[in-house]
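Undergrad: Got a sequence here, can you build the structure:
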Amino acid sequence: MNTRQKLVLPFAFAVLLAFGLSSCGKSADDIAAASGNSLLAYVPDDSPYLAGNLAPIPGDVIDATFRRAQPVLDAVQTVLADSSLKLSGSAAQEHPEMAISGAILDELDGKLNRAGLESLGFTMESYQVVYGLGVFPVLRLSLGNAQALRDTIGRIETNSGIAFPEQQHQGQAYWRLEAESADADHGIAAAIYFAIVEESAGAHLAVGVLPIASETELLPAFLGQAKPAGTTAAQRIAEINKAYGYSPHGTGLLDFQRLFDQLVDENSLLRRTLEDSGADIDEHFDEVCRAEFRDLIARAPRMVAGTTEMTSDVMGGQYRLEMADDLASQLAALVSSVPPAPANSDRLFEFAFGIRIGAARDFLIRKATDLSQRNYQCEALEGINKQASEALVTLNRPVPPLVNNFLGFRASLSALPEDESALHEVKGTMALHVAQPEMFVGMAQMFLPQLAGLQIAKGQPPVRLPEALIPMPGVVAYAAMSDEVLGIAVGQGEEARLPDYLEEDSKGDGSFLSINYDMATYMEKVDQLTESLKAEGVTNDSGTGDDFENSDDREQAIAMAEALQEALRNMAGRSYMSLRFDEHGFALDSKVTFTD
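TA: Residues are numbered from 1 along each chain as shown. Okay, the predicted model is just below:
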């Protein structure tokens, strides 16, 4: 780790921590006023993306996060105490980024906690919004004390010896950071703009990455001197929250149609900026091409995300890809009735996958046939026709009946061995969901004589499998069968829960892949595997020394990594994830629980 990395990494960590934690018949103005997030009033309605909150992260959640992260913060604080670099005079001018980084580290020294970060002017319980002026991103973050942030910037300027020229536009101060190599001949010349904007509802920090050539046009909007009339940003967020049950603490959307419009519409900021830098949009996107692209985008026009649960003990969120009604219903029909992994479980690991493979194959054949016959005229889409035709050849190959009859698979583990010498301690259940499971058993008995005498029948008690069929010595296993499920129980006592496991009901929520696991056990097993591989010479630490200038750097990096692992172990509860299709399209749900 060189000196610059050593300076920048702790600062980046602290800044990310601060921003991350801080991270319907009514009218839009009523919703914004009721939520308290006046920052949403700055969002133009043609922004192709939007993320913001209608309520800050609760204070107890922030405090719990700081408490759990304390070992990491303490390790970073040690690095800050040892890494303070002061440059002045000609040295500061020759290495301005290092001088500024050193001054920032001085500011963070002793302030890696909630009170310390808020003393710099921020507030962890902030309102936020991210959106686009065209496609160019703007972040607005409410502040706890605007003057404190100005004073912080002033101290960094003084201590670094580098001046931050403050610029003015119609009486509003702002800063602009422009790369020395910014040149329109090499693409879009952009700069980072900062401003502290004060309004009646309070002060906020505005940060934007904007094209320099459009500065005069964009500055009034960026600095809040020209708000859009009748913005619906707050209403759009509120409607998404209501539709999908999201909490008010964070919601986002990405509109693919609006994003494409920004590229091709004649008056859009992105198109004008690209054409000013020499691009010819019409050459690549004529009217036919635009229509074909818009038709494709209409099949999945928008992505949304939001928090579903946020307490000091649980964090839940969801990502969605909204789809056309017919496509969403077709995909939902592919999901089999396999029960998903339970969202709440005390077992080490739960897994479930449920897709009707035969129906999925038929669906892909229909879609590939349609695409191969569509005959796209747009040059950028011509390859789709060929790829669809090639896919049809593969999809039309005969497949074994067992593959077509496959419905899904589940696994549930309650115990894992400490090492290879205790494999007999493994305990769990597995279930193969397949149409006509008796046919599967019959074929297995044909190829495995040891199974020939076993009476595995629907509704009958679990039957113990011969030890000769089990590759792990000392492990006991049982098999049982229901109407569409063939189950295996591994480990003494697991056979008692096998019948109920086979008869679990599907929730019918469209879940086709779900996982729930104990995070602490997962990390422990990963560490054991890593140590085992090191002992066998499969992996080692060779080569990592080139990343560090001296042993002190290496020791500090190791200390930070160990502190991070300790914090994760101490806070680790369970992690849950589910992928599903429903009437709206595709959804990914996730939830993490904490133990302390």
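
Undergrad: pLDDT below threshold where in the stretch 351-500 of the chain?
TA: Per-residue confidence for the stretch 351-500 of the chain (pLDDT under 70) gives these ranges: 419-422.

Undergrad: Just the strands from it, written as ranges.
TA: Secondary structure of the stretch 351-500 of the chain (DSSP state E, counting those that start in this stretch): strands at 406-415, 427-434, 463-464, 477-481, 485-490.

Undergrad: which one in the protein is furthest away from the centre?
TA: The outermost residue of the chain relative to its centre, with distances by Cα atoms, centre = their mean, is Gly453 at 50.7 Å.

Undergrad: can you tell me how far it sits from Pro417?
TA: To Pro417, Gly453 is 30 Å away according to Cβ to Cβ, to the nearest Å. Where you see a C-beta, it was placed from the backbone N, CA and C, and this is true even at glycine.

Undergrad: Could you pull out the strands in the stretch 1-150 of the chain for me?
TA: According to DSSP E, counting those that start in this stretch, the stretch 1-150 of the chain carries its strands in the segments 49-52, 128-133, 136-142.

Undergrad: Direction included, what does the longest one pair up with?
TA: It stands for strand 136-142. In the sheet, strand 136-142 lines up against strand 128-133 (antiparallel), strand 202-211 (antiparallel) (DSSP bridges).

Undergrad: In the longest one, which residues are buried?
TA: Put plainly, it is strand 202-211. Across strand 202-211, burial judged by 16 or more other Cβ atoms under 10 Å covers Gly202, Ala203, His204, Leu205, Ala206, Val207, Gly208, Leu210, Pro211.

Undergrad: now do stretch 429-441
TA: Using 16+ other Cβ under 10 Å as the test for burial, stretch 429-441 gives Thr429, Met430, Ala431, Leu432, His433, Val434, Ala435, Pro437, Phe440, Val441.

Undergrad: before we move on, what about stretch 349-366?
TA: Residues of stretch 349-366 classed as buried by neighbour count (16+ other Cβ under 10 Å): 349-361, 364.

Undergrad: who does the longest helix seen in the chain touch, helix- and strand-wise?
TA: Across the chain, the longest stretch assigned as helix under DSSP state H is helix 59-83. The contact analysis (3 or more Cβ pairs under 8 Å, 6 or more residues apart in numbering; DSSP states H and E) places helix 59-83 against helix 3-21, helix 96-108, helix 114-119, helix 551-571.

Undergrad: So Pro339 belongs to a strand, correct?
TA: No. Judged by DSSP: H, G, I helix; E, B strand; the rest coil, Pro339 forms no part of a strand; its state is coil.

Undergrad: quick one: which of the strands of the stretch 1-150 of the chain is nearest Arg114?
TA: The closest of the strands of the stretch 1-150 of the chain to Arg114 is strand 136-142. By Cβ to Cβ, the value is 15.8 Å.

Undergrad: I'd like the distance from that closest one to the chain centre, please.
TA: 20 Å (Cα atoms, centre = their mean, to the nearest Å).

Undergrad: now do stretch 211-218
TA: Put simply, stretch 211-218 sits 32 Å off its chain's centre (Cα atoms, centre = their mean).

Undergrad: Now it - C-alpha only, PDB.
TA: The C-alpha coordinates for stretch 211-218 follow below in PDB (Å, rounded to 0.1, in the frame of the first residue of the first chain):
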ATOM      1  CA  PRO A 211     -20.600  18.800 -18.500                       C
ATOM      2  CA  ILE A 212     -18.500  21.900 -18.400                       C
ATOM      3  CA  ALA A 213     -19.800  23.100 -21.800                       C
ATOM      4  CA  SER A 214     -23.400  23.200 -20.300                       C
ATOM      5  CA  GLU A 215     -22.400  24.900 -17.100                       C
ATOM      6  CA  THR A 216     -24.200  28.100 -17.800                       C
ATOM      7  CA  GLU A 217     -27.400  26.200 -18.600                       C
ATOM      8  CA  LEU A 218     -27.200  23.800 -15.700                       C
END
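
Undergrad: Which parts of that stretch count as buried, going by neighbours?
TA: For stretch 211-218, the neighbour count (16+ other Cβ under 10 Å) marks Pro211, Ile212, Ala213, Ser214, Leu218 as buried.

Undergrad: Test for you: state the pLDDT assigned to the first one.
TA: In other words, Pro211. For Pro211, the pLDDT comes out at 94.
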